[in-house]
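1. Just need the structure, nothing else, for what follows:
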Amino acid sequence: QVQLVESGGGSVQAGDSLRLSCAGSGRSFSRYAMAWFRQAPGKQREIVGAISATGTSFYFADFVKGRFTISRDDSANTMYLEMTTLHPEDTAVYYCAAAFGYCAGDGCATKNYDIWGQGTQVIVSR
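-> Next comes the predicted model:
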């Protein structure tokens, strides 16, 4: 089973960019669909985006479309979240998650993600 560790969080200013990484350990990383979620203080966790196991299909929440991209490097067992034009509303703890098997498009948003990292904090100030 894959284990996940996020990194790359930090404090930035509005309009800045940041790249988060999610390193996986264990076997068969390339057979997992992967996703980024976030949870802001006092709010429910929400999905940010997802990438299929094949790396060819994506899902992005409306509030990040055009600003965030997701990629994966299966040779390094790592998934990335590139965040640009950050807003204060993007302040949250960001989690990566994995689910075994195939998904496509919006299906990647509703997949049962059952493997989680510990989270990395992103703070965006005005």
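2. and the most centrally placed residue in the chain, what helix or strand is that in?
-> Centroid check for the chain by CA atoms, centre = their mean gives residue 36 as the closest residue, at 2.2 Å. Take DSSP states H and E as the rule and residue 36 turns out to sit in strand 32-39.
3. Name the residues of that strand that are buried.
-> For strand 32-39, a neighbour-count test (16 or more other CB atoms under 10 Å) marks 32-38 as buried. For every residue, glycine as well, the C-beta is placed using N, CA and C.
4. likewise stretch 21-29?
-> 21-24, 29.
5. and if you look at stretch 106-118?
-> Going by 16+ other CB under 10 Å, stretch 106-118 has these buried residues: 108-109, 111, 113, 115, 117.
6. I'd like to know which of these is nearest to residue 89.
-> residue 109 (19.6 Å; CB to CB).
7. any idea how far that closest one is from residue 37?
-> 10 Å (CB to CB, to the nearest Å).
8. which residues are common contacts for those two?
-> residue 47 (CB atoms under 8 Å, 6 or more residues apart in numbering).
9. export the buried residues of stretch 21-29 to CSV and tack on distance to residue 82?
-> Converted to CSV, the buried residues of stretch 21-29 look like this (distance: CB to CB, whole Å):
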residue, distance to residue 82
21, 10
22, 12
23, 16
24, 18
29, 19
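10. Narrow the residues you listed to those in strands?
-> 21-24 (DSSP state E).
11. Now tabulate the buried residues of stretch 21-29 in TSV and tack on distance to residue 53 and pLDDT.
-> Formatted as TSV, those follow (distance: CB to CB, whole Å; pLDDT from 0 to 100):
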residue	distance to residue 53	pLDDT
21	18	98
22	14	98
23	17	97
24	12	96
29	9	92
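12. so which of those comes closest to residue 5?
-> residue 23 (5.0 Å).
13. partners of the helix or strand where residue 79 lies in the sheet?
-> Of the helices and strands defined by DSSP H and E, residue 79 is found in strand 78-83. Using DSSP bridges, the strands paired with strand 78-83 are strand 18-25 (antiparallel), strand 68-73 (antiparallel).
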